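Colleague: Sequence first, then the predicted structure, then my questions.
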Amino acid sequence: MAILTDKTQRVLVQGITGREGMARTRLMRAYGTQVVAGVTPGKGGGEVEGVPVFDTVAEAWGCVGPLDASVLFIPAPLVKSAALEAVAAGVKLLVIVPDRVPIYDVLEIADAADRAGARFVGPNTLGVLSPEQAVLGMMGGRAASAREWFFSGPVGVSSRSGGITTSIAYYLARAGIGISTLVHVGGDPIVGLPHPEIMRLFEHDPATRAIVLFGEIGTSQEERVADLIDSGALTKPVIAYIGGRSARSGTRFSHAGAIIEGERGTYEGKVRRLREAGATVVEAFDDVPRATYDVLARLGIVPRERG
């Protein structure tokens, strides 16, 4: 199994006729994702990579049938209207790739999604990938690379950095450790499915036996993961690496979601809380594969090979 995406999912691409939409549709289809429709207002009646293009989400739904997920490659100022359109049509999972989506727009999307029983990943995300099943977004860059780099296994990955998401999976694979699902939660201050929500999904996924978390300074996502562990809501072992160790108060690290304000969201506070809760926190990124190998060994799971 996997979380958020698998080979059975029927996927819509909003903004499919743009440069990114076309390139990432090619990636998703080549990897095996069921991209069944695209939407670009005013471009209905055409095709992209063999995928029919419609003017509206409702029209796409009516012509090709139910849509499980939508991936948005829409300019940031237009994301809100596109996301609300997808939610209103009945789509239950959105992957919002663009960055710089206005915060108030994200809040409106979150409210509409909550009322409709829908969820969204991002904004500012590379997306989600379940090895050997499907990819939503732009994870892996090219289908051939994604197939070569990642294979299925017992470790879920949740990360606040797109590049680190794929790097973690790559180095775990070199150590013989496969992945259940990779999730880039997004780099903005407010995201649809932050770390704690991804942890809940992994907790209930039978294929996931351990979780690797890449955290950063700023926000309280990692502290809230520690709260889940303390409460017993998260029982699977967590291996964590926190970026931004040298950042000072007021420093922005990498992107908008990683900024320290006073004592809130500091590197030291995150590491302390996770360790107090029982997570394995490594000091260096290179230590992630070894720590994960050791955790799996304690669970009686032997990776393909020891790197």
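Modeller: Arrived safely, thanks for sending.
Colleague: Give the residue spans of the stretch 101-250 of the chain that score low on pLDDT.
Modeller: Along the stretch 101-250 of the chain, segments meeting pLDDT under 70 span 246-250.
Colleague: Would you state the strands of it in chain order?
Modeller: For the stretch 101-250 of the chain, the strands defined by DSSP state E, counting those that start in this stretch occupy 119-121, 127-130, 134-137, 152-159, 179-184, 210-216, 238-243.
Colleague: Generate JSON lines for those strands, with mean neighbour count as supplementary columns.
Modeller: Heads up, the C-betas are built off the backbone N, CA and C, glycines and all. Below are the strands of the stretch 101-250 of the chain laid out as JSON lines (neighbours: other Cβ atoms under 10 Å):
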{"stretch": "strand 119-121", "mean neighbour count": "25"}
{"stretch": "strand 127-130", "mean neighbour count": "29"}
{"stretch": "strand 134-137", "mean neighbour count": "27"}
{"stretch": "strand 152-159", "mean neighbour count": "25"}
{"stretch": "strand 179-184", "mean neighbour count": "28"}
{"stretch": "strand 210-216", "mean neighbour count": "26"}
{"stretch": "strand 238-243", "mean neighbour count": "24"}
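Colleague: So for residue 107, which of those sits nearest?
Modeller: Closest approach to residue 107 among the strands of the stretch 101-250 of the chain (Cβ to Cβ): strand 119-121, 12.0 Å.
Colleague: Partner strands of the closest one, with direction?
Modeller: strand 93-96 (parallel) (DSSP bridges).
Colleague: re earlier: TSV please, covering the strands of the stretch 101-250 of the chain and showing distance to residue 302.
Modeller: What follows is those, written out as TSV (distance: least, Cβ to Cβ, whole Å):
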stretch	distance to residue 302
strand 119-121	32
strand 127-130	22
strand 134-137	27
strand 152-159	11
strand 179-184	16
strand 210-216	13
strand 238-243	17
